[in-house]
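# predicted model and sequence below, questions to follow.
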Amino acid sequence: MPRPSTKSWQPASWLPSGRSSRAPTAGRDLVTYPDVSVVCGPLERDDGTPPALLNPAVLVEVTSDSTEAYDRGDKFEHYRCVPSLEAMVFVSHREPRIDVCTRAGSGRGWTDETALAGAHVRVPPCGIELDVDGLYAGWQALHGRPGTR
């Protein structure tokens with residue numbers, strides 16, 4: 001489960017799926033639907049069709065067989081163009097695994113951190129840690145291990 005880090009907790013708004021994210025990409029305006037959006041500070045959105053969130057700090061994608069390649073490929077490339085985005089979280093459907101990609105400083109580079117069963121991973125900028133076992137506990141109670149549905 002998410003829990004605040006003792007070092008730097010910042011208030012954040014967690015928005016479930018159904019809220020779109022918009023960013024200009026290569027001369028076009030692409031609208032996507034992450035599974036969770038996190039905003040640190042006031043929400044900024046446009047009134048386009050559909051209305052879109054303009055300032056996510058963290059986006060979360062829960063992968064599936066049909067979306068994993070797109071989520072980690074073209075969709076992540078699109079998300080990298082969102083100026084406010086500081087971290088991207090991928091939650092695996094195959095195994096207890098969380099990948100956190102974090103924007104590295106003012107450059108365009110990104111760093112990656114992976115947490116497997118029994119581990120925790122920090123998600124900047126909102127200063128939380130995700131407990132892999134805690135996050136997957138509900139799934140395992142309902143469906144068994146990820147990927148065994």
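Cool, the structure landed.

# going forward, measure contacts and count neighbours with C-alpha atoms only.
OK.

# may I have the longest helix seen in the chain exported as PDB, CA atoms only?
When the chain is scanned for its longest helix (criterion: DSSP state H), the result is helix 132-143. As requested, the backbone C-alpha atoms of helix 132-143 are provided in PDB (Å, rounded to 0.1, in the frame of the first residue of the first chain):
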ATOM      1  CA  VAL A 132       5.000  -4.500  -3.600                       C
ATOM      2  CA  ASP A 133       3.500  -7.200  -1.300                       C
ATOM      3  CA  GLY A 134       0.900  -4.900   0.000                       C
ATOM      4  CA  LEU A 135      -0.100  -3.700  -3.400                       C
ATOM      5  CA  TYR A 136      -0.500  -7.200  -4.700                       C
ATOM      6  CA  ALA A 137      -2.200  -8.600  -1.600                       C
ATOM      7  CA  GLY A 138      -5.700  -7.900  -2.800                       C
ATOM      8  CA  TRP A 139      -5.100  -9.300  -6.300                       C
ATOM      9  CA  GLN A 140      -3.600 -12.500  -4.800                       C
ATOM     10  CA  ALA A 141      -6.600 -12.900  -2.500                       C
ATOM     11  CA  LEU A 142      -9.000 -12.700  -5.400                       C
ATOM     12  CA  HIS A 143      -7.100 -14.200  -8.300                       C
END
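
# what comes up buried for that helix?
Residues of helix 132-143 classed as buried by neighbour count (16 or more other CA atoms under 10 Å): 132-136.

# in three-state terms, label A69 for me.
helix (DSSP: H, G, I helix; E, B strand; the rest coil).

# okay, now the unreliable bits of the protein?
Applying pLDDT under 70 to the chain picks out residues 1-30, 48-51, 106-108, 140, 143-149.

# again, only this time at 50
Scanning the chain for pLDDT under 50 picks out the ranges 1-11, 24-26, 149.

# where do the strands sit along it?
In the chain, the strands defined using DSSP state E lie at 2-4, 13-16, 20-25, 28-32, 36-39, 45-46, 52-53, 58-62, 87-91, 97-103, 110-116, 120-123, 128-131.

# will you turn those strands into TSV that also has mean neighbour count and distance to D71?
Formatted as TSV, those follow (neighbours: other CA atoms under 10 Å; distance: least, CA to CA, whole Å):
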stretch	mean neighbour count	distance to D71
strand 2-4	15	22
strand 13-16	15	17
strand 20-25	20	14
strand 28-32	14	10
strand 36-39	22	13
strand 45-46	14	22
strand 52-53	21	18
strand 58-62	22	7
strand 87-91	22	8
strand 97-103	21	12
strand 110-116	14	15
strand 120-123	20	18
strand 128-131	20	20
